[in-house]
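In: Attaching a predicted model along with its sequence, questions to come.
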Amino acid sequence: VELGTSRMAARPFLLPACQAERGALLAAGRAGWETLHIEDAADVPDEMPPAQAVMLPWPRSFREERLISAKGGLERERVLALIPACRAVLAGGDVKEEELAQTALVVRPEKDETFLRKNARLTAEGALATVMRVKKRALMRETALVTGYGRIGQEMTARLCALGMFVIVCARSEEQMRMAHAAGAHPVPLAQIAAACRQADVIINTIPAHVLGDAALAATARDTPIIELASAPYGLEMQKAVKLGLQVCVESGLPGRYAPLDAGEALFDALTRAMGTRKE
């Protein structure tokens, strides 16, 4: 029976870490999949049922050799041993393909452009909610600085411009600066980031490198929040920002916290797309 066509079409073995993976469970259920949710040893059945697909936490599956989960998780070796022979496993980047020899396909959402675009939209929308919560005032006519103009930077810029903000984009390349200008933003080379920080009422970083150096941090007003959307090592040295009295909001994993149902659905869609059971 083709996956997704009936209640018994598939039995994914899901090991969610947070609300996003719980959202994936709901998406699977709506698609007619029979699901099993395992977070710790107490959830493991006496006899592991067969499965066509397994979902591990994403973007990382383990922390300190234990499954990332709300209950503290299972040991890595136990988790990998529990996974039955199946068609596909969606896994975090810290899981090697040779560790998943029992599956025909290892699904990597970070290589799925459709998923990455939706994840960027969810990140930008969640970041905008954070900006509004932190600023506690209308954003129209305020100045925003967006560092980086990749997927998240593009989505962030579009939303800020739509609100009537003056948006400065510090980008890596001439092409990115041309794209930012076409989107209604004011492009500035990264070499001029300190001057841009001096003008900003809010800073949104999307670059996972210390582009907000000493001069940029010194130029940032104390009441200008910095919304950190990049992964480690982030866009600035946290200790230096704290010493300067700056307000930094680290918003890692934002889609799963802001919109867990949508984030989970995006992960489930990436799984089924890779398995050839969903078309965009």
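Out: That came in fine, so what should we check first? None of these values were measured; they are calculated from a predicted model.
In: For K243, see how far away the most centrally placed residue in the chain is.
Out: Centroid check for the chain by CA atoms, centre = their mean gives G253 as the closest residue, at 4.8 Å. Noted for G253: a distance of 26 Å to K243, by CB to CB, to the nearest Å. C-beta coordinates here come from the backbone N, C-alpha and C atoms, glycine included.
In: do the same with L74
Out: From L74 to K243 the distance is 40 Å (CB to CB).
In: With N119 instead?
Out: Distance from N119 to K243, by CB to CB: 33 Å.
In: and these two? which has more neighbours close in?
Out: N119 (26 against 10; other CB atoms under 10 Å).
In: how about the helix or strand in which the more buried one is found: buried residues?
Out: Using DSSP states H and E, the element containing N119 is helix 113-135. Residues 115-116, 118-128, 130-131 are the ones in helix 113-135 that count as buried (16 or more other CB atoms under 10 Å).
In: Please state the offset of it from the chain centre?
Out: Centroid displacement of helix 113-135 relative to its chain, using CA atoms, centre = their mean, to the nearest Å, is 9 Å.
In: and the residue lying closest to Y258 once chain neighbours are set aside, what does it touch?
Out: Nearest in space to Y258, with sequence neighbours left out and distances taken as CB to CB, 6 or more residues apart in numbering, is G126 at 3.1 Å. By CB atoms under 8 Å, 6 or more residues apart in numbering, the contact set of G126 is E251, L254, P255, R257, Y258, A259.
In: so which of the residues you listed is the most crowded?
Out: Most surrounded of these: other CB under 10 Å gives P255, at 25 neighbours.
In: that's a strand at it, yeah?
Out: No: counting by DSSP: H, G, I helix; E, B strand; the rest coil, one finds P255 to be helix, located in no strand.
In: where's it relative to F115, distance?
Out: With the distance defined as CB to CB, P255 ends up 11 Å from F115.
In: returning to what we had before: model confidence over the helix holding N119, on average?
Out: Helix 113-135 shows a mean pLDDT of 96.
In: just stretch 155-164 next, same as before
Out: Rounded mean pLDDT across stretch 155-164 is 97.
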